[in-house]
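>>> here's a sequence, model it:
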Amino acid sequence: MVLVLQAHPYPDRSRANKALSAAIDGLKGIEVRSLYDLYPDYAIDIDVEQAALLRASTIVWQHPIYWYSAPALMKLWFEKVLAHGWAYGEGGTQLHGKRCLWVVTAGADNSAYSESGMHRFPFEAFVPVMQQTAQFCGMEWLEPIIVKAAHRISRETLEAFAVEYRARLAALVAEEGLHLA
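Numbering: from 1, shown residues only. Below is the predicted model:
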């Protein structure tokens, strides 16, 4: 099973995250957990979240980039759910061998993510934090899907990202089926 953890504090305001979510809606072999819908009070049920992770072979982190990282609830989810002795450290092997796909949207375009742009670094400079989080937990890091200029890109470009997202998840589900057969 592919577990998609969506963490957008304002999903109705995000055309990109709406398009990405719609693209995977109804896809068999996918479980979607919208963290801001589940935990509006930020009181994360650690046992429920860890059980969902155990059911999955692939974990997807889908969210907008907020201050060069994940939104607050996703960061809290990392802190609470990816616990020492469970996800990492001595005895922390529950996520070993699971795949991790990062699906992230950014409002800025390539020119903003450059040495002369407002963010002063290419977007790739911000990937290692998420990648290391996955790898620290023994997960296999997959090539991320990064949607830049999310609120300004053309409908066609956004649709192409949505099609790619659905295809990637469908392929992961199909690959999982081959391993189970």
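
>>> the residue nearest to Phe123 when sequence neighbours are not counted and Ile146, how far apart?
In this structure, Phe123 finds its nearest non-sequential neighbour in Tyr113, 4.2 Å apart by Cβ to Cβ, 6 or more residues apart in numbering. Glycine gets a C-beta too; all of them are placed from N, C-alpha and C. As judged by Cβ to Cβ, to the nearest Å, Tyr113 and Ile146 stand 10 Å apart.

>>> which residues do these two both contact?
Taking Cβ atoms under 8 Å, 6 or more residues apart in numbering as the contact rule, Tyr113 and Ile146 both touch Ala106, Phe123.

>>> correct me if wrong: Asp12 contacts Lys18.
Yes - contact criterion Cβ atoms under 8 Å: Asp12 and Lys18 qualify, at 7.5 Å.

>>> between these two, which is the more surrounded one?
Counting neighbours by other Cβ atoms under 10 Å for Asp12 and for Lys18 shows that Lys18 has the greater number, 15 against 8.

>>> who's in contact with the more buried one?
Contacts for Lys18 (Cβ under 8 Å, 6+ apart) come out as Pro11, Asp12.

>>> buried set for the helix or strand hosting it?
Taking DSSP states H and E as the criterion, Lys18 maps to helix 15-24. Under the neighbour-count criterion of 16 or more other Cβ atoms under 10 Å, helix 15-24 has Ala16, Asn17, Ala19, Leu20, Ser21, Ala23, Ile24 buried.

>>> what of stretch 86-106?
For stretch 86-106, a neighbour-count test (16+ other Cβ under 10 Å) marks 86-88, 92, 94-95, 98-106 as buried.

>>> and Tyr113 and Ile146? which has more neighbours close in?
Between Tyr113 and Ile146, Tyr113 has the larger neighbour count (other Cβ under 10 Å), namely 22 against 18.
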